[in-house]
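**Student:** Provided below for reference: sequence and predicted model.
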Amino acid sequence: MSEGVIKKFMYVNRKPPYGTVYALESLEVVLIGAAFDQDVSLAFIGDGVYQLTAGQSTGGIGMKNFSPTYNALGDYDITKLYVEKESLEERGLAIDDLMEVVYEDEDEDYAEKPSIRLVSRAELADIMAEQDVLLNF
Amino acid sequence: MSEGVIKKFMYVNRKPPYGTVYALESLEVVLIGAAFDQDVSLAFIGDGVYQLTAGQSTGGIGMKNFSPTYNALGDYDITKLYVEKESLEERGLAIDDLMEVVYEDEDEDYAEKPSIRLVSRAELADIMAEQDVLLNF
Amino acid sequence: MLHTVNKSPFERNSLNTCLGLVKPGSAVLLIEDGVVGAIKGTAIEDQLIQAMQSCKLYVLGPDLAARGLAEDKLLDGIQVVDYGGFVDLVAEHTSVQSWL
Amino acid sequence: MLHTVNKSPFERNSLNTCLGLVKPGSAVLLIEDGVVGAIKGTAIEDQLIQAMQSCKLYVLGPDLAARGLAEDKLLDGIQVVDYGGFVDLVAEHTSVQSWL
Amino acid sequence: MKFGILINEGPYQHQASDSAYQFVKAALEKGHEIFRVFFYHDGVQNATRLASPPQDDRNIIALWSALAKEHNLDLVVCVAAALRRGILDENEAKRGGKDAHNLADGFRISGLGQLIEAGIQSDRLVVFGD
Amino acid sequence: MKFGILINEGPYQHQASDSAYQFVKAALEKGHEIFRVFFYHDGVQNATRLASPPQDDRNIIALWSALAKEHNLDLVVCVAAALRRGILDENEAKRGGKDAHNLADGFRISGLGQLIEAGIQSDRLVVFGD
């Protein structure tokens, strides 16, 4: 179907979870898209960083907590979750406030490695500029 | 239907026209609400001030220009359109950039008077605090 | 008067606009995505501390929990309410302004 | 790279986030409610003048006209395009980032 | 106390309808009366009976229908907003020459006057939206 | 050049669908190809045939249907988003045991893979939303 073409896909996440559906439906595309063998990464910018906070508990608002799904991404070879450092800081958050998201590195005897990569705004700008397809939700 | 109760209704407008439907549908409620003989006012705060700009021309975006409707509000005894001064200034606008919206004052031999009242943030806060029902779109 | 704010103060100016128009003695309740403003150490912390000198600040607990923000992270002085508390706040104040 | 921004910079931080992440030589196109940022004398004027030192700034004319903002009010250096010009901008740049 | 509720957004896309539902449930539990829930703008999308959310997700529309039945709630959908967006009862479908209708149980379609009336008759009006 | 288009918002509430329509029309006039228009999130609401906007307003859904017919456009509605929000074709209505369907002419319901494919096959993907 993809005829051997490999493009760089980036999913740009900028909204908190639950207040709107974008975070959940973004994750649904990411999972489906995994079957296409493209070079996939996720960016969490601005309020998008709240999608990765640890300890989400949605019983009180009557919604499903979909945050465990981020940890399943590694099984689909989606291992690049870029989180903008400045966005965390502005929000009073640190990397420790986020979930641990890991993947098993096939090339290194399935060693567990972190999927979340803390990057500066300048680094993220460079990564973004390299993308072919940017999906914004 | 209203059994003689007169409440202060304020329609709070904070979004530019056309980018979203809120401005148009807010106007629809205001017009319907006019039949209920309540004490009605409209507030234009933040980007809501763009709803009143003069010279709106929507041919290029394929939408209906509904801005002339504001001038019909006077016929429905809706004569209080509060525009926050600070919001205009922040946006590089002055009162001259807005439409002229007028009404005929029955008590003064139908003299034409301006409906738009430029108020400071502090004055608007006072007016808001007096309202019974605030409708936000 | 009760003001509700349901937008993140980092992405939208709803809370800022609200705080510019609240009268002393009013209450502000953060709900939905608005709750993210309620924690310590954010870029808007000073603005909230200032606001609390004349108004009461509340945050909806269930929305806070959903976004993984523990109550021990809250800025001092902000009170947590549940939906029942939201209802009580509406009942206690004579009018409600929702800063959507 | 082409960046589009469709939100008012006075109510949302989309444009601000965009300008923090654009690389020199990129283009930024303001559309829909985003066009209101393009005029002279606003609170974000300096930020745009600064941005134009390394990027090109465009605004969608039909959206500007709809909001009653005449082209003579535009900040110097911002270019007006129509939908055809929007299409050309997309074609000229190798990727598009929509700051929704 | 008597509450009126206004919902401006559709289900799922925004939390507005969920928040309103939780608020109304809590208000009823505290013995308050809900004068009316009015659905405006995309809020009218809360009234389609054709939605089938995933099994593991909440069904917002069914929740409203059930709450309305249990507490005899008046759920009113704005007719102008509904026609614009394709929410129809049998009657409106017939009038508009449409071959199907989709209004869910427990909702009724009516005019914007019902919203103003809710503002007048209720002790408080609470707005949920985006 | 080949363009893919993604629309994340419903008609009327946001300008997204209008902007996308104007963009697609301009692209076709310039001789570009539209690989696919994909409707996701509330964007699926652009595909109901039950909408009847006021006479003096544009009918966004009819505009898309007409453009699709004229230029043989592939208008694809995400099945998961559509089921969640009550947009159904005859087939999905049957499968879900629903008594009506509402998909407009010229649209088809399919999976999210169609969006990824549009990203791969198109030279550019342009997103319209809120």
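**Tutor:** Ah, there it is. Numbers count the residues shown, from 1 in each chain, chains lettered A, B, ... in the order given.
**Student:** From now on I want contacts and neighbour counts done on CA atoms only, so please keep to that.
**Tutor:** Noted.
**Student:** For the residue positioned nearest the centre of chain C, which residues are in contact?
**Tutor:** Nearest to the mean C-alpha position of chain C, counting by Cα atoms, centre = their mean, stands residue C:30 at 3.0 Å. Taking Cα atoms under 8 Å, 6 or more residues apart in numbering or on different chains as the contact definition, residue C:30 lies against C:4, C:5, C:6, C:38, C:57, C:58, C:59, C:60.
**Student:** Let's see that with 6 Å instead.
**Tutor:** C:4, C:5, C:59 (Cα atoms under 6 Å, 6 or more residues apart in numbering or on different chains).
**Student:** swap in residue A:116?
**Tutor:** For residue A:116, the contact set (Cα under 6 Å, 6+ apart) comprises A:81, A:82.
**Student:** Return the backbone torsion pair for it.
**Tutor:** Here is the backbone geometry of residue A:116 (degrees, to the nearest 10): phi -80, psi 120.
**Student:** And the residue sitting furthest away from the middle of chain E, how close does it get to chain C?
**Tutor:** The outermost residue of chain E, judged by C-alpha distance from the chain's mean C-alpha position using Cα atoms, centre = their mean, is residue E:97 at 24.2 Å. Taking Cα to the nearest Cα, to the nearest Å as the criterion, residue E:97 is separated from chain C by 36 Å.
**Student:** what kind of secondary structure is that residue in?
**Tutor:** With DSSP: H, G, I helix; E, B strand; the rest coil as the basis, residue E:97 sits in coil.
**Student:** Look at it and report its pLDDT.
**Tutor:** Residue E:97 is assigned 97 on the pLDDT scale.
**Student:** roughly how far apart are residue E:87 and residue D:81?
**Tutor:** Here residue E:87 is placed at a distance of 37 Å from residue D:81 (Cα to Cα, to the nearest Å).
**Student:** Neighbour count: those two, which is higher?
**Tutor:** Neighbour count, other Cα atoms under 10 Å in any protein chain shown: between residue E:87 and residue D:81, residue E:87 has more, with 30 against 18.
**Student:** Roughly how far does the more buried one sit from chain C?
**Tutor:** According to Cα to the nearest Cα, residue E:87 and chain C sit 24 Å apart.
**Student:** what helix or strand is that residue on?
**Tutor:** Using DSSP states H and E, residue E:87 sits in no helix or strand.
**Student:** Return the closest of the contacts of residue C:30 with respect to residue F:103.
**Tutor:** Minimum distance to residue F:103 across those is 36.4 Å, recorded for residue C:5 (Cα to Cα).
**Student:** Could you count how many residues lie near the residue lying closest to residue C:36 once chain neighbours are set aside?
**Tutor:** Of all residues not flanking residue C:36 in the chain, residue C:8 sits nearest, at 6.1 Å (Cα to Cα, 6 or more residues apart in numbering or on different chains). Neighbour count for residue C:8, taken as other Cα under 10 Å: 24.
**Student:** right, and residue C:8 touches residue C:32 too?
**Tutor:** No. Assessed by Cα atoms under 6 Å, residue C:8 is found out of contact with residue C:32, at 8.5 Å.
**Student:** Ramachandran coordinates for residue A:78?
**Tutor:** The phi/psi pair for residue A:78 (degrees, to the nearest 10) is phi -100, psi 110.
**Student:** Distance check, it against residue F:125.
**Tutor:** According to Cα to Cα, residue A:78 and residue F:125 sit 21 Å apart.
**Student:** neighbour-wise, which of those two wins?
**Tutor:** Neighbour count, other Cα under 10 Å: between residue A:78 and residue F:125, residue F:125 has more, with 27 against 23.
**Student:** State the helix or strand in which the residue lying closest to the more buried one once chain neighbours are set aside lies.
**Tutor:** Excluding the flanking residues, the one nearest residue F:125 by Cα to Cα, 6+ apart is residue F:4, at 4.6 Å. Using DSSP H and E, residue F:4 maps to strand F:2-7.
**Student:** What are the contacting residues of stretch A:73-88?
**Tutor:** With Cα under 6 Å, 6+ apart as the test, stretch A:73-88 has contacts from A:34, A:41-46, A:103, A:115-121.
**Student:** now those: which count as buried?
**Tutor:** A:34, A:41-46, A:103, A:115-119, A:121 (16 or more other Cα atoms under 10 Å in any protein chain shown).
**Student:** what's the lowest-pLDDT member of those residues?
**Tutor:** residue A:34 (93).
**Student:** and that one, what does it touch?
**Tutor:** By Cα under 6 Å, 6+ apart, the contact set of residue A:34 is residue A:76.
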